[in-house]
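*Asks:* Task: produce atomic coordinates for the following.
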Amino acid sequence: MQERKTYTREFKQRAASMVLDDHCSIPDVCASMDVGPTALRRWVDQVRKERQKGQPVAGTKAISDEQRELQQLRAKIKRL
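*Replies:* Numbers count the residues shown, from 1 in each chain. The predicted model follows:
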């Protein structure tokens with residue numbers, strides 16, 4: 001059985017940025033970064049939503065730096 005790959009937040013952000021900002025196609029990014037199209041589409045959708053809403057997507061770990069910091073601060077406030 002093949003183990004599931006894990007990717008860093010930075011990796012996900014770079015891959016999504018290639019699609020959203022550099023206008024690379026999903027198949028091209030998948031080939032160059034050795035990632036599956038389903039995962040890449042999910043990351044692109046998440047980063048797009050984070051950028052539009054200005055807040056992390058509910059139930060997910062933020063990918064963008066700003067949204068990740070916001071999640072961490074909200075968690076800290078909740079603990080206090």
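
*Asks:* contacts and neighbour counts: CA atoms only from here.
*Replies:* Fine.

*Asks:* so for stretch 58-73, what's the average pLDDT?
*Replies:* Regarding stretch 58-73, the rounded mean pLDDT is 80.

*Asks:* Arg9 against Gln67, yeah?
*Replies:* No - contact criterion C-alpha atoms under 8 Å: Arg9 and Gln67 do not qualify, at 11.5 Å.

*Asks:* For Arg51, see how far away Lys12 is.
*Replies:* Counting by C-alpha to C-alpha, to the nearest Å, the separation of Lys12 from Arg51 is 14 Å.

*Asks:* Same question for the longest helix seen in the chain: list its buried residues.
*Replies:* In the chain, taking DSSP state H as the definition, the longest helix is helix 37-53. Within helix 37-53, the residues that qualify as buried by neighbour count (16 or more other C-alpha atoms under 10 Å) are 40-41, 43-44, 46-48, 50.

*Asks:* Which neighbouring elements make contact with it?
*Replies:* helix 9-20, helix 26-33 (3 or more C-alpha pairs under 8 Å, 6 or more residues apart in numbering; DSSP states H and E).

*Asks:* avg pLDDT for stretch 46-53?
*Replies:* Across stretch 46-53, pLDDT averages out at 86.
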